[in-house]
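Student: My questions are about this predicted structure, shown below with the sequence.
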Amino acid sequence: KESIGVTHAEIGAYLLGIWGIPNPIVEAVANHHQPSNVSQTEFGVLGAVHVANYLSYIKDKKDEKAVELIDSAYLQNLNTLEKVFQWTQKIRETPQITS
């Protein structure tokens, strides 16, 4: 964002829109850092992309950055926060595979 004025989420959503990808997927990509920008009542594509982004930082042992990224209020409103904590623990317990 600092160098070109837009984020990877905005660029990705723009391209997906041009390519005719369904709106729920475009919306998920565009808002995966701030899912609370979208009013939702159930865990769906946006929630999955948001959580996957968070869990990727946990997997890479970047817990401090992960905590900055997670939208706990959004996940709590969807009754999913406890599941995310469980998934986080599973990732921490899973041995890293090295190539």
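Tutor: That came in fine, so what should we check first?

Student: now E42, what's its secondary structure?
Tutor: Under the three-state scheme (DSSP: H, G, I helix; E, B strand; the rest coil), E42 adopts coil.

Student: how deep is it tucked in, by neighbour count?
Tutor: 8 (other CB atoms under 10 Å). Every C-beta, even on glycine, is put in place using the N, C-alpha and C of the backbone.

Student: distance of it from Q76?
Tutor: 14 Å (CB to CB, to the nearest Å).

Student: Return the list of helices and strands in contact with the helix or strand containing H50.
Tutor: Taking DSSP states H and E as the criterion, H50 maps to helix 45-59. With contacts defined as 3 or more CB pairs under 8 Å, 6 or more residues apart in numbering; DSSP states H and E, the packing partners of helix 45-59 are helix 23-31, helix 63-69, helix 72-77, helix 81-93.

Student: looking at these, which is buried most?
Tutor: Among these, ranked by average contacts under mean count of other CB atoms under 10 Å, first place goes to helix 23-31 (a mean of 19).

Student: what helices or strands is it leaning on?
Tutor: helix 8-18, helix 45-59.

Student: Going by mean pLDDT, which of the helices and strands packed on helix 45-59 comes out lowest?
Tutor: Lowest mean pLDDT within those: helix 63-69, at a mean of 79.

Student: Check this structure and tell me which residue is nearest its centre.
Tutor: H50 (1.6 Å; CA atoms, centre = their mean).

Student: any idea how far E82 is from the closest residue to G44 other than its chain neighbours?
Tutor: With CB to CB, 6 or more residues apart in numbering as the criterion, G44 has its nearest non-adjacent residue at 6.9 Å, and that residue is P24. Separation of P24 from E82 (CB to CB) stands at 24 Å.
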